[in-house]
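Undergrad: How does the following fold in three dimensions:
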Amino acid sequence: MKVITIVGARPQFVKAATVSRAFRAFPVVEEKIVHTGQHFDANMSEVFFEEMEIPQPHYNLEINSLSHGAMTGRMLEQIEKVLQTEQPGAVMVYGDTNSTLAGALAARKLQIPVFHVEAGLRSFNLTMPEEINRILTDRISSVLFCPSVSAVQNLEREGFAQFPCVILNSGDVMEDAAYFYAAKAEAHATVLQTLQLVQQDYILCTFHREENTNNPVALAAIVTALNALARQMPVVVPLHPRTQKLLATHQLTLHATIIPPVGYFDMLSLLQHARMVLTDSGGLQKEAFFFNKFCLTLRAETEWTELVNHGYNFLTGANADLIQQTFTEVLERPFPARQNFYGGGQAAQRIAQYIAELA
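TA: Sure thing, here's the model as predicted:
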(Lines give C-alpha, C1' and ligand atoms only; values in the text may rest on other atoms or scores of the structure.)
Protein backbone atom coordinates (compact mmCIF):
# COMPACT_ATOMS: atom_id res chain seq x y z
CA MET A 1 0.00 0.00 0.00
CA LYS A 2 1.22 3.47 -0.87
CA VAL A 3 0.45 5.98 1.90
CA ILE A 4 0.78 9.73 1.38
CA THR A 5 1.56 11.48 4.67
CA ILE A 6 0.60 15.17 4.89
CA VAL A 7 2.52 17.36 7.34
CA GLY A 8 3.02 21.09 7.66
CA ALA A 9 3.53 22.19 11.27
CA ARG A 10 6.22 21.30 13.78
CA PRO A 11 4.03 19.08 16.04
CA GLN A 12 3.18 17.05 12.95
CA PHE A 13 6.85 16.48 12.17
CA VAL A 14 7.29 14.98 15.64
CA LYS A 15 4.26 12.73 15.27
CA ALA A 16 5.10 11.65 11.73
CA ALA A 17 8.65 10.75 12.76
CA THR A 18 7.37 8.00 15.04
CA VAL A 19 5.07 6.40 12.48
CA SER A 20 7.57 6.74 9.62
CA ARG A 21 10.12 4.88 11.74
CA ALA A 22 7.56 2.17 12.58
CA PHE A 23 6.72 1.73 8.89
CA ARG A 24 10.29 0.52 8.25
CA ALA A 25 9.38 -2.80 9.85
CA PHE A 26 6.62 -3.31 7.27
CA PRO A 27 7.94 -3.37 3.68
CA VAL A 28 4.38 -3.74 2.36
CA VAL A 29 3.83 -0.04 3.19
CA GLU A 30 5.37 2.59 0.91
CA GLU A 31 5.21 6.06 2.44
CA LYS A 32 5.65 9.36 0.64
CA ILE A 33 5.68 12.62 2.60
CA VAL A 34 4.10 15.88 1.48
CA HIS A 35 5.19 19.01 3.38
CA THR A 36 2.68 21.80 2.81
CA GLY A 37 5.17 24.43 4.00
CA GLN A 38 2.82 25.78 6.69
CA HIS A 39 5.82 26.09 9.04
CA PHE A 40 8.72 27.09 6.83
CA ASP A 41 11.27 28.72 9.14
CA ALA A 42 14.39 26.53 9.47
CA ASN A 43 13.98 26.31 13.25
CA MET A 44 10.36 25.24 12.84
CA SER A 45 10.81 22.82 9.95
CA GLU A 46 14.20 21.77 8.57
CA VAL A 47 15.81 21.07 11.95
CA PHE A 48 13.05 18.58 12.78
CA PHE A 49 13.68 16.51 9.68
CA GLU A 50 17.43 16.51 10.37
CA GLU A 51 17.35 15.75 14.12
CA MET A 52 14.57 13.19 14.04
CA GLU A 53 15.81 11.43 10.91
CA ILE A 54 12.49 11.85 9.14
CA PRO A 55 12.65 10.95 5.44
CA GLN A 56 12.90 14.15 3.41
CA PRO A 57 9.56 15.19 1.91
CA HIS A 58 8.92 13.99 -1.62
CA TYR A 59 6.93 17.20 -2.17
CA ASN A 60 7.28 20.62 -0.54
CA LEU A 61 4.36 22.85 -1.48
CA GLU A 62 5.78 25.99 0.21
CA ILE A 63 2.34 27.37 1.15
CA ASN A 64 2.43 29.73 4.14
CA SER A 65 1.80 33.24 5.46
CA LEU A 66 -1.78 33.38 4.16
CA SER A 67 -5.20 33.73 5.79
CA HIS A 68 -6.90 30.52 6.94
CA GLY A 69 -9.16 30.38 3.89
CA ALA A 70 -6.46 31.21 1.36
CA MET A 71 -3.97 28.80 2.93
CA THR A 72 -6.41 25.90 3.16
CA GLY A 73 -7.67 26.51 -0.38
CA ARG A 74 -4.18 26.66 -1.87
CA MET A 75 -3.17 23.51 -0.02
CA LEU A 76 -6.31 21.69 -1.17
CA GLU A 77 -5.53 22.56 -4.78
CA GLN A 78 -1.88 21.49 -4.63
CA ILE A 79 -2.43 18.32 -2.57
CA GLU A 80 -5.10 17.22 -5.04
CA LYS A 81 -2.53 17.40 -7.84
CA VAL A 82 -0.07 15.29 -5.85
CA LEU A 83 -2.71 12.66 -5.11
CA GLN A 84 -3.78 12.48 -8.74
CA THR A 85 -0.15 11.88 -9.69
CA GLU A 86 0.66 9.37 -6.95
CA GLN A 87 -2.63 7.45 -6.79
CA PRO A 88 -2.11 6.30 -3.17
CA GLY A 89 -4.10 3.69 -1.30
CA ALA A 90 -4.56 6.06 1.65
CA VAL A 91 -3.72 9.52 2.94
CA MET A 92 -2.52 9.99 6.52
CA VAL A 93 -3.03 13.29 8.34
CA TYR A 94 -2.06 14.37 11.84
CA GLY A 95 -3.68 16.63 14.39
CA ASP A 96 -5.70 19.74 13.65
CA THR A 97 -3.94 22.24 11.38
CA ASN A 98 -4.96 23.72 8.03
CA SER A 99 -2.64 21.13 6.46
CA THR A 100 -4.66 18.38 8.19
CA LEU A 101 -8.00 19.57 6.87
CA ALA A 102 -6.71 20.29 3.36
CA GLY A 103 -5.14 16.84 3.10
CA ALA A 104 -8.29 15.12 4.33
CA LEU A 105 -10.58 17.08 1.99
CA ALA A 106 -8.38 16.51 -1.04
CA ALA A 107 -8.24 12.76 -0.37
CA ARG A 108 -11.90 12.32 0.39
CA LYS A 109 -13.03 14.16 -2.73
CA LEU A 110 -10.87 11.75 -4.74
CA GLN A 111 -12.38 8.77 -2.84
CA ILE A 112 -9.05 7.98 -1.16
CA PRO A 113 -9.33 6.66 2.43
CA VAL A 114 -8.20 9.10 5.12
CA PHE A 115 -6.31 7.93 8.22
CA HIS A 116 -6.46 10.54 10.99
CA VAL A 117 -3.83 10.26 13.73
CA GLU A 118 -4.85 12.06 16.94
CA ALA A 119 -8.55 11.76 16.19
CA GLY A 120 -11.39 12.44 18.61
CA LEU A 121 -9.91 15.37 20.50
CA ARG A 122 -12.33 18.12 21.43
CA SER A 123 -11.98 21.46 23.20
CA PHE A 124 -15.68 22.23 22.57
CA ASN A 125 -14.62 25.74 21.60
CA LEU A 126 -15.60 26.51 18.01
CA THR A 127 -13.81 29.85 18.06
CA MET A 128 -10.58 27.84 17.74
CA PRO A 129 -9.58 27.13 14.11
CA GLU A 130 -8.03 23.88 15.36
CA GLU A 131 -11.39 22.68 16.69
CA ILE A 132 -13.05 23.21 13.32
CA ASN A 133 -10.22 21.44 11.53
CA ARG A 134 -10.29 18.39 13.78
CA ILE A 135 -14.08 17.98 13.76
CA LEU A 136 -14.30 18.15 9.96
CA THR A 137 -11.29 15.87 9.49
CA ASP A 138 -12.72 13.27 11.86
CA ARG A 139 -16.06 13.27 10.06
CA ILE A 140 -14.55 12.38 6.67
CA SER A 141 -11.88 9.95 7.90
CA SER A 142 -11.99 6.22 7.24
CA VAL A 143 -9.77 5.21 10.18
CA LEU A 144 -9.62 7.27 13.37
CA PHE A 145 -6.51 6.61 15.46
CA CYS A 146 -7.42 8.01 18.88
CA PRO A 147 -4.74 8.90 21.45
CA SER A 148 -6.82 8.16 24.54
CA VAL A 149 -10.02 6.66 25.94
CA SER A 150 -11.56 10.11 26.27
CA ALA A 151 -10.97 10.76 22.55
CA VAL A 152 -12.79 7.51 21.70
CA GLN A 153 -15.65 8.53 24.00
CA ASN A 154 -15.94 11.90 22.27
CA LEU A 155 -16.46 10.17 18.93
CA GLU A 156 -18.95 7.73 20.39
CA ARG A 157 -20.99 10.62 21.86
CA GLU A 158 -21.05 12.24 18.42
CA GLY A 159 -22.49 9.12 16.81
CA PHE A 160 -19.39 7.95 14.96
CA ALA A 161 -20.38 4.33 15.62
CA GLN A 162 -23.07 4.90 12.98
CA PHE A 163 -20.61 6.23 10.39
CA PRO A 164 -18.59 4.14 7.90
CA CYS A 165 -15.31 4.36 9.77
CA VAL A 166 -13.07 2.42 12.13
CA ILE A 167 -12.29 3.86 15.58
CA LEU A 168 -9.12 2.61 17.27
CA ASN A 169 -7.53 3.63 20.56
CA SER A 170 -3.96 3.49 19.29
CA GLY A 171 -2.42 5.60 22.05
CA ASP A 172 -0.55 8.85 21.54
CA VAL A 173 2.42 8.96 19.16
CA MET A 174 3.72 12.01 21.05
CA GLU A 175 4.47 9.74 23.99
CA ASP A 176 6.44 7.44 21.68
CA ALA A 177 8.48 10.41 20.46
CA ALA A 178 9.13 11.81 23.93
CA TYR A 179 10.52 8.53 25.23
CA PHE A 180 12.45 7.60 22.09
CA TYR A 181 14.19 10.96 21.69
CA ALA A 182 14.74 11.86 25.37
CA ALA A 183 18.16 10.18 25.56
CA LYS A 184 19.23 11.66 22.21
CA ALA A 185 18.20 15.09 23.46
CA GLU A 186 20.35 14.71 26.57
CA ALA A 187 23.32 13.74 24.43
CA HIS A 188 22.99 16.41 21.75
CA ALA A 189 21.08 19.41 23.13
CA THR A 190 23.17 22.43 24.13
CA VAL A 191 20.47 24.94 24.99
CA LEU A 192 20.88 24.71 28.79
CA GLN A 193 24.59 25.47 28.57
CA THR A 194 24.05 28.23 26.02
CA LEU A 195 21.45 29.96 28.19
CA GLN A 196 23.33 29.14 31.41
CA LEU A 197 20.21 27.68 32.98
CA VAL A 198 20.19 25.92 36.35
CA GLN A 199 18.24 22.67 36.30
CA GLN A 200 14.82 22.75 37.99
CA ASP A 201 15.20 26.50 38.53
CA TYR A 202 13.38 28.02 35.57
CA ILE A 203 9.91 28.10 34.01
CA LEU A 204 9.39 27.01 30.41
CA CYS A 205 6.64 28.92 28.60
CA THR A 206 5.19 28.94 25.09
CA PHE A 207 2.14 30.77 23.75
CA HIS A 208 1.01 31.10 20.16
CA ARG A 209 -2.72 30.37 19.84
CA GLU A 210 -4.82 33.04 18.20
CA GLU A 211 -7.23 33.25 21.14
CA ASN A 212 -4.28 34.62 23.15
CA THR A 213 -2.13 36.38 20.59
CA ASN A 214 -4.90 38.06 18.57
CA ASN A 215 -6.59 39.38 21.72
CA PRO A 216 -4.62 42.39 23.05
CA VAL A 217 -6.20 42.05 26.52
CA ALA A 218 -5.30 38.35 26.78
CA LEU A 219 -1.81 38.97 25.43
CA ALA A 220 -1.20 41.76 27.93
CA ALA A 221 -2.45 39.59 30.80
CA ILE A 222 -0.06 36.77 29.89
CA VAL A 223 2.85 39.21 29.70
CA THR A 224 1.88 40.69 33.08
CA ALA A 225 1.80 37.25 34.67
CA LEU A 226 5.10 36.14 33.15
CA ASN A 227 6.81 39.36 34.23
CA ALA A 228 5.59 38.76 37.78
CA LEU A 229 6.79 35.14 37.77
CA ALA A 230 10.14 36.21 36.33
CA ARG A 231 10.79 38.13 39.54
CA GLN A 232 10.69 34.78 41.38
CA MET A 233 12.35 32.47 38.85
CA PRO A 234 13.80 32.78 35.32
CA VAL A 235 11.23 32.35 32.55
CA VAL A 236 12.39 30.90 29.21
CA VAL A 237 10.13 31.61 26.23
CA PRO A 238 10.82 30.07 22.80
CA LEU A 239 8.79 32.64 20.86
CA HIS A 240 7.02 32.16 17.55
CA PRO A 241 8.00 34.96 15.11
CA ARG A 242 4.35 35.95 14.68
CA THR A 243 3.88 36.32 18.46
CA GLN A 244 7.04 38.41 18.66
CA LYS A 245 5.62 40.81 16.08
CA LEU A 246 2.33 41.10 17.98
CA LEU A 247 4.15 41.92 21.23
CA ALA A 248 5.93 44.74 19.40
CA THR A 249 2.69 45.92 17.78
CA HIS A 250 0.99 46.26 21.15
CA GLN A 251 4.14 47.70 22.79
CA LEU A 252 4.31 44.88 25.32
CA THR A 253 7.66 44.19 26.97
CA LEU A 254 8.26 40.66 28.17
CA HIS A 255 10.94 40.44 30.88
CA ALA A 256 11.99 36.89 30.12
CA THR A 257 14.70 34.96 28.35
CA ILE A 258 13.24 35.11 24.85
CA ILE A 259 14.74 32.73 22.32
CA PRO A 260 13.75 31.75 18.75
CA PRO A 261 11.81 28.51 18.26
CA VAL A 262 14.16 25.62 18.95
CA GLY A 263 14.58 22.14 17.52
CA TYR A 264 12.96 19.12 19.13
CA PHE A 265 16.06 18.03 21.03
CA ASP A 266 16.58 21.46 22.61
CA MET A 267 12.88 21.65 23.45
CA LEU A 268 12.97 18.24 25.12
CA SER A 269 16.02 19.29 27.10
CA LEU A 270 14.35 22.53 28.23
CA LEU A 271 11.29 20.55 29.22
CA GLN A 272 13.08 17.78 31.11
CA HIS A 273 14.96 20.23 33.30
CA ALA A 274 12.30 22.91 33.87
CA ARG A 275 10.58 23.41 37.20
CA MET A 276 7.17 23.99 35.62
CA VAL A 277 5.54 24.54 32.22
CA LEU A 278 3.16 27.28 31.10
CA THR A 279 1.67 26.90 27.63
CA ASP A 280 -1.31 27.14 25.33
CA SER A 281 0.09 24.30 23.20
CA GLY A 282 -1.74 20.99 23.26
CA GLY A 283 1.42 19.02 22.57
CA LEU A 284 3.48 20.62 25.31
CA GLN A 285 0.74 19.95 27.87
CA LYS A 286 1.20 16.23 27.29
CA GLU A 287 4.97 16.39 27.09
CA ALA A 288 5.03 18.11 30.47
CA PHE A 289 3.07 15.14 31.83
CA PHE A 290 5.44 12.64 30.21
CA PHE A 291 8.36 14.22 32.09
CA ASN A 292 6.55 14.73 35.43
CA LYS A 293 6.12 18.50 35.18
CA PHE A 294 3.07 20.42 36.31
CA CYS A 295 1.52 22.43 33.50
CA LEU A 296 -0.43 25.67 33.69
CA THR A 297 -2.51 25.87 30.53
CA LEU A 298 -3.11 29.41 29.28
CA ARG A 299 -6.56 28.53 27.98
CA ALA A 300 -10.04 28.16 29.40
CA GLU A 301 -10.30 24.57 28.18
CA THR A 302 -8.13 21.71 26.98
CA GLU A 303 -8.50 18.65 24.79
CA TRP A 304 -6.50 16.67 27.37
CA THR A 305 -9.19 16.61 30.05
CA GLU A 306 -7.75 13.57 31.82
CA LEU A 307 -4.68 15.61 32.79
CA VAL A 308 -6.85 18.27 34.43
CA ASN A 309 -9.12 15.74 36.11
CA HIS A 310 -6.17 13.99 37.76
CA GLY A 311 -4.28 17.07 38.95
CA TYR A 312 -1.40 17.23 36.46
CA ASN A 313 -2.65 20.19 34.46
CA PHE A 314 -4.31 23.43 35.60
CA LEU A 315 -6.46 25.68 33.43
CA THR A 316 -5.72 29.34 34.08
CA GLY A 317 -6.72 31.00 30.82
CA ALA A 318 -5.16 34.39 30.14
CA ASN A 319 -5.86 35.54 33.69
CA ALA A 320 -2.80 37.16 35.26
CA ASP A 321 -3.97 36.74 38.86
CA LEU A 322 -5.01 33.11 38.40
CA ILE A 323 -1.74 32.25 36.65
CA GLN A 324 0.29 33.66 39.55
CA GLN A 325 -1.96 32.13 42.20
CA THR A 326 -1.90 28.66 40.63
CA PHE A 327 1.86 28.80 40.14
CA THR A 328 2.33 29.54 43.85
CA GLU A 329 -0.08 26.78 44.88
CA VAL A 330 1.59 23.99 42.89
CA LEU A 331 5.24 25.09 43.00
CA GLU A 332 6.15 22.90 45.99
CA ARG A 333 3.51 20.22 45.44
CA PRO A 334 4.79 16.68 44.73
CA PHE A 335 3.92 15.42 41.27
CA PRO A 336 1.18 12.74 41.47
CA ALA A 337 1.95 9.18 40.44
CA ARG A 338 1.75 9.09 36.66
CA GLN A 339 -1.06 7.08 35.06
CA ASN A 340 -1.00 5.38 31.67
CA PHE A 341 -3.46 7.45 29.64
CA TYR A 342 -1.71 7.35 26.27
CA GLY A 343 -0.60 3.83 25.43
CA GLY A 344 2.82 3.59 27.03
CA GLY A 345 4.92 4.50 23.98
CA GLN A 346 3.62 1.85 21.55
CA ALA A 347 1.16 3.94 19.52
CA ALA A 348 3.21 4.21 16.31
CA GLN A 349 3.78 0.46 16.26
CA ARG A 350 0.03 -0.16 16.59
CA ILE A 351 -0.75 2.29 13.79
CA ALA A 352 1.88 0.93 11.40
CA GLN A 353 0.86 -2.67 12.05
CA TYR A 354 -2.83 -1.91 11.46
CA ILE A 355 -2.05 -0.21 8.12
CA ALA A 356 0.31 -3.00 7.08
CA GLU A 357 -2.45 -5.54 7.68
CA LEU A 358 -4.70 -3.57 5.32
CA ALA A 359 -2.11 -3.74 2.54
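
Undergrad: going forward, measure contacts and count neighbours with C-alpha atoms only.
TA: Noted.

Undergrad: what about residue 112, distance to residue 94?
TA: 16 Å (Cα to Cα, to the nearest Å).

Undergrad: Name the residues of stretch 327-339 that are buried.
TA: 327, 330 (16 or more other Cα atoms under 10 Å).

Undergrad: before we move on, back to that, and residue 112 and residue 94? Which one has more around it.
TA: Shown here are residue 112 and residue 94; by other Cα atoms under 10 Å, residue 94 has more neighbours (28 against 19).

Undergrad: these two touch, right, the more buried one and residue 121?
TA: No. Residue 94 is not in contact with residue 121 according to Cα atoms under 8 Å; the separation is 11.7 Å.

Undergrad: okay, and the common contacts of the two?
TA: Common contact partners of residue 94 and residue 121 (Cα atoms under 8 Å, 6 or more residues apart in numbering): none.

Undergrad: How about residues contacting the helix or strand hosting residue 13?
TA: Residue 13 is part of helix 10-23, with elements assigned from DSSP states H and E. By Cα under 8 Å, 6+ apart, the residues outside helix 10-23 that reach it are 5, 7, 29, 31, 39, 44-45, 48-49, 52-55, 94-95, 173-174, 176-177, 264, 283, 348-349, 351-353.

Undergrad: Which of those residues fall within helices?
TA: Mapping the contacts of helix 10-23 onto helices (DSSP state H) picks out 48-49, 173-174, 176-177, 264, 283, 348-349, 351-353.

Undergrad: out of the residues you listed, what pair is the most spread apart?
TA: Largest separation among those by Cα to Cα: 264 and 353, giving 25.9 Å.

Undergrad: For residue 8, give me its contacts.
TA: 35-39, 97, 99 are the contacts of residue 8 under Cα under 8 Å, 6+ apart.

Undergrad: of all those residues, which comes closest to residue 339?
TA: Among those, and counting by Cα to Cα, the member closest to residue 339 is residue 97, at 28.3 Å.

Undergrad: how close does residue 253 sit to residue 271?
TA: 24 Å.

Undergrad: out of these two, which sits in the busier spot?
TA: Neighbours were counted for residue 253 and for residue 271 using other Cα under 10 Å; residue 271 has more, 23 against 12.

Undergrad: Now do the SS call for that one.
TA: Under the three-state scheme (DSSP: H, G, I helix; E, B strand; the rest coil), residue 271 adopts helix.

Undergrad: I'd say it and residue 203 touch.
TA: No. Using Cα under 8 Å, residue 271 makes no contact with residue 203, being 9.0 Å away.

Undergrad: Find the residues that touch each one of these two.
TA: residue 277.

Undergrad: Much appreciated, bye for now.
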